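Undergrad: Predicted coordinates and the sequence they were generated for:
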Amino acid sequence: MDSLRAAIIDSRHSARDDDHFIEELNRLRVEQGPMVCRSIFQTLASVDVPRDTAADYWEKVLARREMLIRTLNRKISLMTAMCDFLGSETTCLNSPRLVDVSTFERVIRESMFDGLTGLFNRQYFDEIFEHQVSQAKRYDTDLSVLFLDVDNFKDINDSLGHIVGDLVLKKIGNIIRDSKRDSDIAARFGGEEFVLLMPHTESIKAYILADRIRREVEAEEFTAHGRPFRLTISGGLASFPMNATEPAELLHMADSATYLAKGSGKNTICLYKKDKRRYLRVKLTQPVLIKELGFADSKTFEGTSRDICIGGILFENETPLPIGAHVQVSIAFKGNAPLLLIGTIVRVESFNGGGYEIGMTFSFKEMEKIANTEIAQFLREGV
């Protein structure tokens, strides 16, 4: 079972007829590669055909359907042609059984989704996670995984009862589903733990989404026995390929970051920090000029840097900047040209002096991407 199964089932429901359904399956095959053919047989016939013959089998099923249509001079369904081919030309279908498709799809759905929250279940997540990491490796794309754990959930079960606990989990599942993007994959990992897989997403963008979910849960009002109450969640985030390149290791890092969030006072999201500890962080007290990118009339602010490392800078400023904003920071060095950094705001904290302590992270890859976007926007506006 993989992420393609849901797409295949959705295509089957939305297709006008079998011809349209076949067109959609072939479109998936072009977009996502030959593994689609194997998933077609797994989904439609519950048959696990050999990986190296799946594409050939699919072409033969389509040819068998065309041959049956010509011979019988009537429409033949895709499932009829598939069963005829698998039963007569292969050993994959030794003991066929007639089952109504709605019953079959109900079994498939129950094997994919968590009955309480409606999110994907642990079994489905484990299998799709392997597939998504393989896709990220193949196409050299980012991938982030987020663990979320409900704070003090045992106290809720003990004081308010398991029925209330179930309602809490269901509502949090709804918040995660409503907050995530269509391409993200949300699952109940077990108990009060949730996991969110974010394809094509580097750590900073993943952090912004994770913190939005955290704030949504914090703001939500729950009710038990006529009395309102609130709760929070903590989360840990790890990213491919920055933190790890293997699924098990990446998952372990996200889990470790969750423990760090719990130990930091809960109700927070922590990024996995092992790589950051490798970098030397040094004190740097220098004037800086800060400008938010993406706005033609953006104001330039004056601030003071506090420390810097390979990957991030901390500075003070009298004006808060929004988390997730792309910012250019210019650091003045005596006798040298200024150092220009482009990155993303990930932390904003006020302090007693009336100013703000602001953390910005950057990478050479991200700096190039943001700079290219800025140049493209400049060119569009100049035309």
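TA: Sure thing, it's come through. Residues are numbered from 1 along each chain as shown.

Undergrad: make it CA atoms for all contacts and neighbour counts henceforth
TA: OK.

Undergrad: Let me know the average pLDDT across stretch 177-197.
TA: Confidence over stretch 177-197 (mean pLDDT, whole number) is 93.

Undergrad: Give me the helices and strands touching the strand ranked longest in the chain, please.
TA: Longest strand in the chain by number of residues (criterion: DSSP state E): strand 339-350. The contact analysis (3 or more CA pairs under 8 Å, 6 or more residues apart in numbering; DSSP states H and E) places strand 339-350 against helix 203-219, strand 326-331, strand 356-361, helix 364-382.

Undergrad: lowest-confidence stretch among these?
TA: Per-stretch averages of pLDDT across the helices and strands packed on strand 339-350 put helix 364-382 at the bottom, with a mean of 64.

Undergrad: Which residue ranges make up each domain of the chain?
TA: 3-111, 122-277, 282-382 (automatic domain parsing).

Undergrad: Reformat the ones you listed as TSV; add mean neighbour count.
TA: Putting the domains of the chain into TSV (neighbours: other CA atoms under 10 Å) gives the following:
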stretch	mean neighbour count
domain 3-111	15
domain 122-277	18
domain 282-382	16
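
Undergrad: what's the least confident stretch among those domains?
TA: Mean pLDDT values for the domains of the chain show the minimum at domain 282-382, a mean of 79.

Undergrad: The helix or strand hosting residue 248: what's the following helix or strand?
TA: Using DSSP states H and E, residue 248 sits in helix 247-263. Note on helix 247-263: by DSSP H and E, the next helix or strand toward the C-terminus is strand 269-271.

Undergrad: That following strand pairs with which strands, and in what direction?
TA: Here strand 269-271 has these sheet partners by DSSP bridges: strand 233-240 (parallel).

Undergrad: What are the contacting residues of the partner strand?
TA: Applying CA atoms under 8 Å, 6 or more residues apart in numbering, the set of residues contacting strand 233-240 from outside is 133, 136, 142-151, 202-203, 206-207, 210, 214, 217-218, 250-251, 253-262, 266-272.

Undergrad: Pull the distance from stretch 212-221 to the chain's centre.
TA: Between the centre of stretch 212-221 and the centre of its chain there are 18 Å (CA atoms, centre = their mean, to the nearest Å).

Undergrad: Can you dump the C-alpha atoms of that stretch in PDB for me?
TA: C-alpha atoms of stretch 212-221 as PDB (Å, rounded to 0.1, in the frame of the first residue of the first chain):
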ATOM      1  CA  ARG A 212       0.400  27.500  13.100                       C
ATOM      2  CA  ILE A 213      -1.100  24.100  14.100                       C
ATOM      3  CA  ARG A 214       0.200  24.600  17.600                       C
ATOM      4  CA  ARG A 215      -1.400  28.000  17.900                       C
ATOM      5  CA  GLU A 216      -4.700  26.700  16.500                       C
ATOM      6  CA  VAL A 217      -4.800  24.000  19.200                       C
ATOM      7  CA  GLU A 218      -3.800  26.500  21.900                       C
ATOM      8  CA  ALA A 219      -6.700  28.800  20.900                       C
ATOM      9  CA  GLU A 220      -9.300  26.000  20.600                       C
ATOM     10  CA  GLU A 221     -11.800  25.800  23.500                       C
END
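
Undergrad: wait, doesn't residue 298 sit right on residue 291?
TA: Yes - here residue 298 lies in contact with residue 291, judged by CA atoms under 8 Å, at a distance of 6.6 Å.

Undergrad: Please list all residues in contact with residue 358.
TA: Taking CA under 8 Å, 6+ apart, we find residue 358 in contact with 314-317, 320-321, 345-349.

Undergrad: Across the sheet, point out what pairs with it.
TA: Note on residue 358: beta-bridge partners residue 315, residue 348, judged by DSSP bridges.

Undergrad: gap between it and residue 257?
TA: Residue 358 sits at a distance of 22 Å from residue 257 (criterion: CA to CA, to the nearest Å).
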